[in-house]
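A.B. asks: Here you go, sequence then predicted model.
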Amino acid sequence: MQKILKRFERVVVLTLLVFMMIAVFVATVEVGVILWQQLKEPPVMLLNVKEMMEVFGFILMVVIGLELLETIKAYLDKKVVHVEVVLLVAVVAVARKIIILDYYEVSPQMLYAVSALVVSLAAGFFIVRRALEPKSEKNTKE
């Protein structure tokens with residue numbers, strides 16, 4: 001029974017890996033198409049701030065996909081979910097949201113919530129990173 005579960009888990013993870021590869025590829029092509037469409041509209045080869053934010057948002061979405069792909073690969077190889085990578089993906093996702101946010105249409109409560117989320121994720125990333133440091137590096141720094 002254990003062998004069947006391990007095979008099933010491996011098939012599911014490999015399927016997710018293939019799906020993520022397809023999604024990242026499609027998102028990359030979409031970034032190219034969007035950038036090309038934005039650049040060919042008048043004024044040609046120039047982007048306004050809104051268009052640049054849209055392109056940056058899509059580029060960061062591809063980066064998030066790549067990080068998730070890395071997480072799935074790590075799970076497949078070592079059967080371990082790297083908390084550090086998951087936190088990094090969350091930080092990039094929140095950064096993407098901050099970049100594409102229209103500050104004129106967002107309530108102050110939403111801005112407070114996003115800033116609390118950024119601080120929490122940064123603190124969590126710092127704590128996890130510090131905990132994962134090899135002991136020899138900790139001793140040499142002191």
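C.D. replies: Arrived safely. Predicted model, so just to flag it, every value in this text is computed and none were measured.
A.B. asks: M61: neighbouring residues, count only.
C.D. replies: Burial of M61 is recorded as 20 neighbouring residues (other C-beta atoms under 10 Å). Bear in mind the C-beta positions are built from the backbone N, C-alpha and C, glycine included.
A.B. asks: If you count contacts, what does the host helix or strand of K3 end up packed against?
C.D. replies: Per DSSP states H and E, K3 falls inside helix 2-40. Secondary-structure packing of helix 2-40 (3 or more C-beta pairs under 8 Å, 6 or more residues apart in numbering; DSSP states H and E): helix 49-78.
A.B. asks: quick one: average pLDDT of the helix it packs on?
C.D. replies: Averaged over helix 49-78, pLDDT sits at 87.
A.B. asks: Give me the neighbour count for V31.
C.D. replies: Other residues near V31 come to 19 when the count uses other C-beta under 10 Å.
A.B. asks: residues touching the closest residue to it other than its chain neighbours, list them.
C.D. replies: Once flanking residues are discounted, V31 sits nearest to F58: 4.6 Å by C-beta to C-beta, 6 or more residues apart in numbering. Applying C-beta atoms under 8 Å, 6 or more residues apart in numbering, one finds that F58 lies in contact with 27, 30-31, 34.
A.B. asks: got TSV for those, with distance to L111 too?
C.D. replies: Converted to TSV, these look like this (distance: C-beta to C-beta, whole Å):
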residue	distance to L111
A27	28
E30	29
V31	27
I34	27
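A.B. asks: Out of those, which comes closest to V62?
C.D. replies: A27 (4.9 Å; C-beta to C-beta).
A.B. asks: for the protein, which spans come out with low pLDDT?
C.D. replies: Within the chain, the stretches with pLDDT under 70 are 135-142.
A.B. asks: quick one: buried residues of stretch 11-23?
C.D. replies: M20 (16 or more other C-beta atoms under 10 Å).
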